[in-house]
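Trainee: any chance you could fold what I've pasted below:
(one chain, ligands or ions: 3)
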Amino acid sequence: MMRTRPLKVALLGCGVVGSEVARIMTTHADDLAARIGAPVELAGVAVRRPSKVREGIDPALVTTDATALVKRGDIDVVVEVIGGIEPARSLITAAFEHGASVVSANKALLAQDGAALHAAAEQQGKDLYYEAAVAGAIPLIRPLRESLAGDKVNRVLGIVNGTTNFILDKMDSTGAGYQEALDEATALGYAEADPTADVEGFDAAAKAAILAGIAFHTRVRLDDVYREGMTEVTASDFASARNMGCTIKLLAICERAEDGGSVTARVHPAMIPLSHPLASVRGAYNAVFVESDASGQLMFYGPGAGGAPTASAVLGDLVAVCRNRLNSTTGPGESAYAALPVSGMGQVVTRYHISLDVADKPGVLAQVATVFAEHGVSIDTVRQQGKDGEASLVVVTHRASDAALTGTVEALRKLDTVRGVASIMRVEGE
Ligand SMILES: NC(=O)C1=CN([C@@H]2O[C@H](COP(=O)(O)OP(=O)(O)OC[C@H]3O[C@@H](n4cnc5c(N)ncnc54)[C@H](O)[C@@H]3O)[C@@H](O)[C@H]2O)C=CC1
Ligand SMILES: N[C@@H](CC=O)C(=O)O
Ligand code: NA
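Mentor: Ligands and ions are numbered 1, 2, ... in the order given. Model prediction:
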């Protein structure tokens with residue numbers, strides 16, 4: 001039976017995502033009420049610029065005092081789509097203290113302070129949901145937290161940042177320049193308020209921390225995630241990748257060590273074969289593979305950024321949280337019982353594509369090969385191209401630890417015949 005008293009929602013932030021949340025709440029009001037079992041009412045909208053015209057939003061609901069809004073006491077759910085650490089963190093904490101549950105899209109905050117926020121929610125008997133924080137519209141948090149709760153996840157690998165995938169795709173497929181592609185991604189509402197978060201890999205690293213924590217039932221913070229952005233990927237890297245039948249993607253990879261005793265989480269550009277499903281992920285789409293003991297390999301795919309897709313995930317959480325409130329219950333909280341240590345990058349094992357500038361004379365290849373052998377790094381293929389006494393040498397390795405590869409590269413740099421290390425890129429997905 002439908003409850004007549006509405007559940008009250010406070011919306012914090014009315015930008016790319018917030019404006020879409022408000023629009024869907026209004027246009028789908030009847031369906032949402034039927035699915036929840038009670039109407040949901042937008043009770044207040046906290047903004048920074050109150051004079052801006054916001055279509056479909058009653059100006060009487062608009063306030064610049066987000067703190068007063070979350071402390072009203074009659075709010076059932078606070079939807080936080082401001083972003084950043086403060087004031088979002090204080091507002092969410094105050095929301096719990098004043099009786100509300102919270103839906104957030106804020107991966108930066110969750111990766112930094114997720115444990116404290118979960119503890120605050122639990123202490124107050126409230127929900128903290130954040131499906132929109134990882135991979136936009138793609139259902140990923142809930143499948144990991146609920147559908148796979150009976151399995152053992154060993155690996156999560158994928159493209160989790162729409163902006164950088166959009167840029168890399170444009171650079172690869174149209175030869176567009178980096179800045180031009182970034183400007184377009186920003187205009188389309190994909191980029192973070194400061195797009196450095198996207199291009200330097202902080203956003204993907206925050207998502208990797210959240211995914212690893214949920215997948216492995218442990219705590220992984222942003223600082224635990226190895227991070228390289230994509231600003232140094234060049235047209236020549238794409239050409240090398242094409243020569244190998246590969247393309248380049250910014251990947252997030254979270255793995256459980258083979259002995260199960262630790263985990264790693266990393267974000268960096270990597271070559272992947274064109275035949276791999278991740279190679280065909282275009283534009284701002286995201287795709288994530290989850291590998292578990294019993295399920296085998298699962299793939300999640302869809303729009304990873306943008307106002308409406310992200311609002312879809314927010315609304316899904318809103319419905320879940322409202323249903324929980326009507327039933328006087330809460331959904332699953334943080335599960336970090338495994339308390340696994342997070343190992344550094346040195347422990348990671350993968351393949352490498354290394355491009356060296358060398359002197360074009362007899363014995364150089366043997367010298368280089370010896371350095372690889374001395375560090376226990378086995379070579380898969382070598383390609384040499386020479387011109388005017390100089391040559392470029394492209395070495396692709398078999399699987400080796402990052403520590404062994406780092407040692408190899410340090411030793412290569414010391415060889416007189418090696419003029420420089422032009423690029424090092426990991427090769428994944430084989
Ligand atoms: N845009 C996207 O594709 C996605 C965004 N997200 C996350 O959603 C959140 C919001 O992102 P966007 O909507 O894209 O950002 P945005 O910058 O378009 O919107 C944020 C809004 O919050 C307002 N704001 C800032 N401080 C405020 C305050 N103290 N009180 C009231 N309003 C305040 C800003 O004026 C702005 O309008 C961020 O955490 C972001 O990481 C998550 C997934 C996808
Ligand atoms: N800036 C982010 C937005 C979604 O999380 C991205 O590009 O993926
Ligand atoms: Na999602």
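Trainee: need the helix or strand of this structure with the lowest average pLDDT.
Mentor: strand 379-387 (a mean of 89; mean pLDDT, DSSP states H and E).
Trainee: who does that strand touch, helix- and strand-wise?
Mentor: helix 364-374, strand 390-397 (3 or more C-beta pairs under 8 Å, 6 or more residues apart in numbering; DSSP states H and E). For glycine as for every other residue, the C-beta is placed from the backbone atoms N, C-alpha and C.
Trainee: any low-confidence regions in the stretch 251-400 of the chain?
Mentor: Within the stretch 251-400 of the chain, the set of residues satisfying pLDDT under 70 is empty.
Trainee: what does it put close to ligand 2?
Mentor: 304-305 (C-beta under 6 Å from any ligand atom).
Trainee: secondary structure element for the residue of the stretch 251-400 of the chain found nearest ligand 3?
Mentor: The stretch 251-400 of the chain approaches ligand 3 most closely through Ala313 (4.6 Å), counting by C-beta to the ion. Per DSSP states H and E, Ala313 falls inside helix 307-326.
Trainee: which ones are touching Thr234?
Mentor: Ser423 (C-beta atoms under 8 Å, 6 or more residues apart in numbering).
Trainee: residues from the stretch 101-250 of the chain in reach of ligand 3?
Mentor: 131, 135, 138, 140 (C-beta under 5 Å from the ion).
Trainee: the second one falls within a strand, correct?
Mentor: No - the assignment for Ala135, made by DSSP: H, G, I helix; E, B strand; the rest coil, is coil rather than a strand.
Trainee: which non-adjacent residue is nearest it?
Mentor: Asn286 (4.3 Å; C-beta to C-beta, 6 or more residues apart in numbering).
Trainee: now do that neighbour against ligand 1, distance only.
Mentor: Distance, Asn286 to ligand 1, by C-beta to the nearest ligand atom, to the nearest Å: 10 Å.
Trainee: same question for Val342.
Mentor: Counting by C-beta to the nearest ligand atom - Val342 and ligand 1 are separated by 23 Å.
Trainee: you'd agree that residue is up against Thr264?
Mentor: Yes - with contact defined as C-beta atoms under 8 Å, Val342 reaches Thr264; the gap is 6.7 Å.
Trainee: packing partners for the helix holding Ala313?
Mentor: Checking 3+ C-beta pairs under 8 Å, 6+ apart, helix 307-326 ends up next to strand 7-12, helix 16-27, helix 29-36, strand 77-80, strand 101-104, strand 128-129.
Trainee: what's the pLDDT at Val102?
Mentor: You'll see Val102 listed with a pLDDT of 99.
Trainee: name the helix or strand for Tyr352, please.
Mentor: strand 349-359.
Trainee: next: Leu405.
Mentor: Assigned by DSSP H and E, Leu405 falls in helix 402-414.
Trainee: nearest residue to Gly407 other than its sequence neighbours?
Mentor: His375 (4.8 Å).
Trainee: give me phi/psi at the one you found?
Mentor: phi -100, psi 10 (degrees, to the nearest 10).
Trainee: ok and the residue in the protein nearest ligand 1?
Mentor: Gly15 (2.0 Å; C-beta to the nearest ligand atom).
Trainee: now that residue: how far from Val348?
Mentor: Using C-beta to C-beta, to the nearest Å, Gly15 is found at 36 Å from Val348.
Trainee: ditto for Arg145
Mentor: Distance from Arg145 to Val348, by C-beta to C-beta: 26 Å.
Trainee: enumerate every residue touching the residue lying closest to Ile354 once chain neighbours are set aside.
Mentor: Closest residue to Ile354 apart from its sequence neighbours, by C-beta to C-beta, 6+ apart: Val395 at 4.8 Å. By C-beta under 8 Å, 6+ apart, Val395 lies in contact with 352-354, 356, 368, 372, 379, 381-382.
Trainee: one more: Phe289?
Mentor: So Phe289 contacts 155-158, 278, 297-300 (C-beta under 8 Å, 6+ apart).
Trainee: looking at those, spot the one nearest Arg413.
Mentor: Looking at the contacts of Phe289 and their distance to Arg413, the nearest is Leu157, at 30.2 Å (C-beta to C-beta).
Trainee: at which residues are the helices of the stretch 51-200 of the chain located?
Mentor: For the stretch 51-200 of the chain, applying DSSP state H, counting those that start in this stretch gives helices covering 66-70, 88-97, 107-124, 141-142, 162-174, 178-187, 196-199.
Trainee: can I get these in a markdown table with distance to Lys207, mean pLDDT and mean neighbour count?
Mentor: Formatted as a markdown table, these follow (distance: least, C-beta to C-beta, whole Å; pLDDT from 0 to 100; neighbours: other C-beta atoms under 10 Å):
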| stretch | distance to Lys207 | mean pLDDT | mean neighbour count |
| --- | --- | --- | --- |
| helix 66-70 | 25 | 98 | 20 |
| helix 88-97 | 17 | 98 | 21 |
| helix 107-124 | 5 | 98 | 20 |
| helix 141-142 | 10 | 98 | 20 |
| helix 162-174 | 11 | 97 | 23 |
| helix 178-187 | 17 | 96 | 16 |
| helix 196-199 | 11 | 98 | 22 |
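Trainee: would you turn the ones you listed into CSV with distance to Asp224?
Mentor: Listed next are these as CSV, based on distance: least, C-beta to C-beta, whole Å:
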stretch, distance to Asp224
helix 66-70, 30
helix 88-97, 19
helix 107-124, 9
helix 141-142, 19
helix 162-174, 21
helix 178-187, 27
helix 196-199, 17
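Trainee: to ligand 2, which of these lies closest?
Mentor: helix 162-174 (3.4 Å).
Trainee: angle of that closest one against helix 178-187?
Mentor: 130 degrees (axes from the mean of the first three to the mean of the last three C-alpha atoms, to 10 degrees).
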